[in-house]
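Participant: structure for this input, please:
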Amino acid sequence: MRLLKWLAVILVLAAGGGWFAVAALIEKGAAAALEDLRAKGTTVESSAPAVSGFPTEWRLSLSDLRIADPVSGAGWQGPSFSLRADSYAPWHVTASLPDQQVITLPGQTITLQSQGMAVAVGSAPDPDLPLRTLTVTAFDLTAQSDMGWTLALQAASFAMAADDSRPPGAYLLALELGPLTPDPAFMDRLAQVALPGLPAPDFPPQVEMARARIGLRLTAPLDRHTDTTRPQVQAVEITGLDLGWGKLTLHAEGMVEADAEGYAAGRVMLKLTNWDRLPALLVALGAIKSEIAPTVAGGLKAMAAQSPDPAVLALALDMKDGRMSLGPFPLGEAPRLRPPQS
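Facilitator: Numbering: from 1, shown residues only. Below you'll find the predicted structure:
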């Protein structure tokens with residue numbers, strides 16, 4: 001929660017002096033933070049921190065920023081980066097990201113192009129600086145990998161807000177993705193899939209809908225004490241997850257909680273409409289081989305036949321004792337939400 005730490009710095013400095021004094025201390029604190037990263041072994045390249053915005057705001061700007069972990073090879077770089085806080089409400093901080101960014105992962109480099117990508121963090125005039133809101137927005141987002149794939153989104157938004165109806169550490173999450181354009185090479189593979197007894201792939205060029213509403217419960221709230229409390233995921237409640245791509249739609253809802261070993265335990269109900277489009281999609285994704293797709297389709301058809309509408313397939317994603325299964329199909333180990341309890 002590096003932005004929360006910056007928020008704490010700004011709040012303390014804002015209470016202690018005029019605009020120019022605060023600006024000088026912010027610059028000094030930013031330079032010290034970069035040196036601290038270098039001292040811990042992180043590769044950091046950047047211009048000298050500069051603060052502007054007199055007299056209504058403090059805007060900390062960096063240019064030619066590059067941060068990399070020499071051990072894992074992961075890194076990020078961009079031509080600019082800024083943090084802004086209004087002088088009348090310094091507990092709200094917005095980070096503006098450049099239109100072009102480069103993300104380096106082990107074995108892969110991804111170039112992101114976007115318009116107006118920003119991260120906004122809202123706290124409160126409280127000594128603990130609790131996280132109240134977190135939003136991420138981007139428009140006309142394109143990801144291009146040096147491995148050859150591309151992905152495009154017209155709009156993407158993520159919002160997280162403290163859930164005041166529950167004890168501290170509970171949050172509400174919302175995700176909205178605008179029309180998504182899959183990789184052209186993947187679309188070509190999908191169009192070439194032909195499975196006996198199943199419809200030819202008729203997916204449109206774009207995935208029209210992807211949205212989620214999720215409740216998240218952590219072992220401790222997100223605030224300036226997170227380095228000490230180290231919040232872990234305790235429970236995830238999916239109140240609604242919806243995907244729509246042409247005639248194939250998915251709706252999911254359910255709840256899982258961390259068991260004593262930290263594995264997710266619970267049930268998520270899935271409802272697939274026009275499930276007969278799924279086998280071709282799984283083949284194109286490489287999840288199953290084309291020769292076993294008819295067997296998979298036969299099993300799905302038998303289960304869908306138990307539904308009032310044979311075009312609708314209802315399945316339970318069950319997680320118990322560290323294992324996971326989808327209907328009668330075992331899927332292996334369940335995801336781990338947190339380390340096991342000592």
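
Participant: what helices and strands are in contact with the helix or strand containing residue 30?
Facilitator: Using DSSP states H and E, residue 30 falls within helix 19-39. Counting contacts by 3 or more C-beta pairs under 8 Å, 6 or more residues apart in numbering; DSSP states H and E, helix 19-39 packs against helix 2-14, strand 43-45, strand 50-52, strand 57-68. All C-beta atoms are positioned from the backbone trio N, CA, C, and that covers glycine.

Participant: swap the cut-off to 6 Å and go again
Facilitator: Applying 3 or more C-beta pairs under 6 Å, 6 or more residues apart in numbering; DSSP states H and E, one finds that helix 19-39 contacts helix 2-14, strand 43-45, strand 50-52.

Participant: which strands and helices sit next to the last one?
Facilitator: Contact analysis of strand 50-52 by 3+ C-beta pairs under 6 Å, 6+ apart lists helix 19-39, strand 57-68 as its packing neighbours.

Participant: I'd like the average pLDDT over it.
Facilitator: Across strand 50-52, the average pLDDT comes to 94.

Participant: how about it: buried residues?
Facilitator: Across strand 50-52, burial judged by 16 or more other C-beta atoms under 10 Å covers residue 51.

Participant: show residues contacting that strand.
Facilitator: Here strand 50-52 makes contact (C-beta atoms under 6 Å, 6 or more residues apart in numbering) with 23, 26-27, 58-61.

Participant: ok, back up a step: report the inter-axis angle for the helix holding residue 30 versus strand 57-68.
Facilitator: Taking axes from the mean of the first three to the mean of the last three C-alpha atoms, to 10 degrees, one finds helix 19-39 and strand 57-68 inclined to each other by 10 degrees.

Participant: averaged pLDDT, helix 19-39. What do you get?
Facilitator: Here the average pLDDT along helix 19-39 is 88.

Participant: cool, stretch 151-165 as well?
Facilitator: In this model, stretch 151-165 has a mean pLDDT of 96.

Participant: and the contacts of that stretch?
Facilitator: Stretch 151-165 is contacted by residues 132-139, 141-143, 170-181 when judged by C-beta under 6 Å, 6+ apart.

Participant: didn't residue 92 look like it was pressed against residue 122?
Facilitator: Yes - counting by C-beta atoms under 6 Å, residue 122 is a contact partner of residue 92 at 4.9 Å.

Participant: ok, of the helices and strands packed on helix 19-39, where does mean pLDDT dip lowest?
Facilitator: Comparing mean pLDDT across the helices and strands packed on helix 19-39, the weakest is helix 2-14, with a mean of 59.

Participant: immediately after the lengthiest strand in the chain, which helix or strand?
Facilitator: When the chain is parsed with DSSP state E, its longest strand is strand 108-122. Toward the C-terminus, strand 108-122 is succeeded by strand 133-145 as the next helix or strand (DSSP H and E).

Participant: same for that following strand, what does it pack against?
Facilitator: Contacts defined by 3+ C-beta pairs under 6 Å, 6+ apart place strand 133-145 against strand 108-122, strand 150-162.

Participant: what does it rub up against?
Facilitator: In contact with strand 133-145 (C-beta under 6 Å, 6+ apart) are residues 108, 110-122, 150-153, 155-161.

Participant: please check the residues you listed and keep the buried ones.
Facilitator: 110, 112-114, 117, 119-122, 150-153, 156, 158, 160.

Participant: got any ranges where this structure has weak pLDDT?
Facilitator: Scanning the chain for pLDDT under 70 picks out 1-17, 342.

Participant: in the sheet, who's paired with the residue nearest the centre of it?
Facilitator: Nearest to the geometric centre of the chain sits residue 158, at 7.6 Å (C-alpha atoms, centre = their mean). Per DSSP bridges, the residues bridged to residue 158 are residue 136, residue 175.

Participant: cool, and residue 152?
Facilitator: residue 142, residue 181.

Participant: likewise residue 325?
Facilitator: Beta bridges link residue 325 to residue 318, residue 330 when assigned by DSSP bridges.

Participant: and it, how many neighbours?
Facilitator: Residues lying near residue 325 (other C-beta atoms under 10 Å) number 16.

Participant: hmm, it is touching residue 318, no?
Facilitator: Yes - in terms of C-beta under 6 Å, residue 325 counts as a neighbour of residue 318; the distance is 5.2 Å.
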